[in-house]
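Undergrad: turn this into a structure:
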Amino acid sequence: MKALTWQGKRSVSVKEVPDPVIQEPTDAIVRITSSAICGSDLHLYEVLGPYMHKDDVLGHEPMGIVEEVGSAVTNLAKGDRVVIPFNISCGHCYMCSQGLQSQCETSQVRAKNSGCAIFGYSELYGSVPGAQAEYLRVPFADYGPVKVGQELPDERYLFLSDILPTAWQAVKYADAPAGGTLAVFGLGPVGQFSSRIGTYFGQRVIGIDPVPERREMAARHGVEVLDYSKGIADELREMTGGRGPDAVVDAVGMEAHGSPVAGFAHQALGLLPDKVAQKAMETAGVDRLAALHMAVDTVRRGGTLSLSGVYGGTASPMPLLTMFDKQIQVRMGQCNVRRWTDELLPLVEDDADPLGVMDLVTHTAGLADAPELYEKFQKKEDGCIKVVLKP
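TA: Modelled structure (predicted):
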């Protein structure tokens, strides 16, 4: 089959790779009909290369049609249409029973002291072949895949795989009151959905991003938008009675603009041998923290900071004195996708499209165009906000 493969820093290519096969009786094989490029895929493209291997298959936001099921799979059959969560969870361990599927004890990558395995996301998360491909092997198929109807377009359902529940969890964790103010740093795909979910919950939402096209998209959904600048903290306080927002979602992560020292560290890591670079990432602070530090500065005293952007450094410095003094609550973590499915499925099927799932995709293409679109997405060119590949 054809699949998009990692070849090196800022280098991906479409290659022929072996077709996936049933390996366990709980597996299913899914023919992929849509597979999105996620903002966190760009971390593999740019920063997390030391954990990648040449020809690793990328991608973790898929949906498609079931082609084959293992002998122990009872709730899926050939021809079923499914969305596949990015985290691989069993559904029956202690962590899954607590709604913490991203910490699944059955698929935990203990060799790297990581949570559950993730499709297409480096040896940090199990080196499981990803979904920017024609076919995908899906473990724990009795639990993970979400069966959906046949009538609505893929884009109604596709984002249940990752970014929609990620944004839902981020806003739930932020816990701003109805009528309160939620600030969202970063208006990429997760930030777009976080903003819309905040307005759906009756919150005043202020979105911050340096890219005009992202601000324009958010504004279409009732979000107040600001350009990212050094004076943004004072501007947010002026808009909120001098206090700052009740809660802030950081939807930016480790590659924030405005962090030149960490930016240099990212480039330096790319020059090191993989094992040396891994050690550096596991013992040093390599994240670009401008957005995170700005979030700490702007959230009101007693407010909540919710992190959905991915961070990768082990020793990244944080302003603990300020966080303690301001009595800030911090919640974070990989999304527990299946925890939120039952709440989100009716919303994506609603004719009114209350979360705007049909107003996010800016680029749709076949696998052959994926390398070019990775570059556009990373450089924020051509109004590229969300890419969907159609294998």
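Undergrad: who touches the strand or helix carrying Leu347?
TA: Taking DSSP states H and E as the definition, Leu347 sits inside helix 337-349. Contacts to helix 337-349, defined as C-beta atoms under 8 Å, 6 or more residues apart in numbering, come from residues 85-87, 89, 91, 96, 99-102, 143-144, 146, 148-149, 152, 156-157, 159-162, 164-166, 168-169, 354-355, 357. The way it works is simple: take the backbone N, C-alpha and C, and place the C-beta from them, glycine included.
Undergrad: now intersect these with the strands, please.
TA: If you go by DSSP state E, the contacts of helix 337-349 have Val146, Val148 in strands.
Undergrad: from the contacts of helix 337-349, which land in helices?
TA: Secondary structure from DSSP state H places Cys96, Arg156, Tyr157, Leu164, Pro165, Thr166, Trp168, Gln169 of the contacts of helix 337-349 in helices.
Undergrad: chain center to the longest strand anywhere in the chain: distance?
TA: Looking across the chain with DSSP E, the single longest strand is strand 28-37. For strand 28-37, the separation from the chain centroid amounts to 17 Å (computed by C-alpha atoms, centre = their mean, to the nearest Å).
Undergrad: next: stretch 202-216.
TA: Offset of stretch 202-216 from its chain centre (C-alpha atoms, centre = their mean): 18 Å.
Undergrad: what does stretch 305-318 give?
TA: So, by C-alpha atoms, centre = their mean, the centroid of stretch 305-318 is 14 Å from its chain's centroid.
Undergrad: how about Gly149, what does it touch?
TA: Contacts of Gly149 (C-beta under 8 Å, 6+ apart): Arg81, Glu349.
Undergrad: and Asp142, by the same measure?
TA: Applying C-beta under 8 Å, 6+ apart, we find Asp142 in contact with Thr26, Ala72, Val73, Thr74, Asn75, Leu76, Gly91.
Undergrad: which residue, other than its chain neighbours, is closest to the second one?
TA: For Ala72, ignoring the flanking residues on the chain, the nearest one in space by C-beta to C-beta, 6 or more residues apart in numbering is Pro25 at 3.7 Å.
Undergrad: from Gly126, how far out is that neighbour?
TA: Noted for Pro25: a distance of 19 Å to Gly126, by C-beta to C-beta, to the nearest Å.
Undergrad: between those two, who's got more neighbours?
TA: Legend: neighbour count by other C-beta atoms under 10 Å for Pro25 and Gly126, higher for Gly126 (20 against 12).
Undergrad: how about the contacts made by the nearest residue to that one once chain neighbours are set aside?
TA: The spatially closest residue to Gly126, leaving aside those adjacent along the chain, is Ala117, at 3.4 Å (C-beta to C-beta, 6+ apart). With contact set as C-beta under 8 Å, 6+ apart, Ala117 has these partners: Asn87, Ile88, Cys104, Ser107, Gln108, Val109, Tyr125, Gly126, Val128, Pro139.
Undergrad: so what's the last one up against?
TA: Pointing back at Pro139 there. Here Pro139 is in contact with Glu24, Thr26, Asp27, Ile88, Ser107, Ala117, Val128 (C-beta under 8 Å, 6+ apart).
Undergrad: returning to that earlier point: what's the farthest-apart pair in the ones in helices among the contacts of helix 337-349?
TA: Cys96 and Arg156 (26.3 Å; C-beta to C-beta).
Undergrad: so between these two, which is more surrounded?
TA: Set Cys96 next to Arg156 and count neighbours by other C-beta under 10 Å: Cys96 wins out with 24 against 19.
Undergrad: follow-up on the earlier one: so what strands line up beside the longest strand of the chain?
TA: Paired with strand 28-37 in the same sheet, following DSSP bridges, are strand 62-69 (antiparallel), strand 135-138 (antiparallel), strand 387-389 (antiparallel).
Undergrad: that strand: what's the following helix or strand?
TA: Counting by DSSP H and E, the element after strand 28-37 in chain order, helix or strand, is helix 41-46.
Undergrad: now tell me what touches that next one from outside.
TA: Residues from elsewhere that reach helix 41-46, judged by C-beta under 8 Å, 6+ apart: 6, 9-10, 12, 52, 58-60, 120-122, 253-255, 266, 310, 312, 374, 377-378.
Undergrad: mind redoing it with 6 Å?
TA: With C-beta atoms under 6 Å, 6 or more residues apart in numbering as the test, helix 41-46 has contacts from Arg10, Met52, Val310, Tyr374, Gln378.
Undergrad: for stretch 111-127, measure first residue to last.
TA: The straight-line separation of the ends of stretch 111-127 (C-alpha to C-alpha, to the nearest Å) is 12 Å.
Undergrad: and that stretch, average pLDDT?
TA: The average pLDDT within stretch 111-127 is 95.
Undergrad: and for stretch 176-190?
TA: For stretch 176-190, mean pLDDT rounds to 96.
Undergrad: then it to CSV, C-alphas only?
TA: In CSV, the C-alpha atoms belonging to stretch 176-190 read as follows (Å, rounded to 0.1, in the frame of the first residue of the first chain):
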residue,chain,number,x,y,z
ALA,A,176,-14.5,28.8,33.1
PRO,A,177,-18.0,29.6,34.4
ALA,A,178,-20.9,30.3,32.0
GLY,A,179,-20.7,34.0,31.3
GLY,A,180,-17.0,34.0,32.3
THR,A,181,-14.0,34.7,30.0
LEU,A,182,-11.9,32.1,28.4
ALA,A,183,-8.7,33.1,26.5
VAL,A,184,-7.3,30.7,23.9
PHE,A,185,-3.7,31.1,22.9
GLY,A,186,-3.2,29.7,19.4
LEU,A,187,-5.9,29.4,16.8
GLY,A,188,-4.8,26.4,15.0
PRO,A,189,-7.2,23.5,14.7
VAL,A,190,-7.4,22.7,18.4
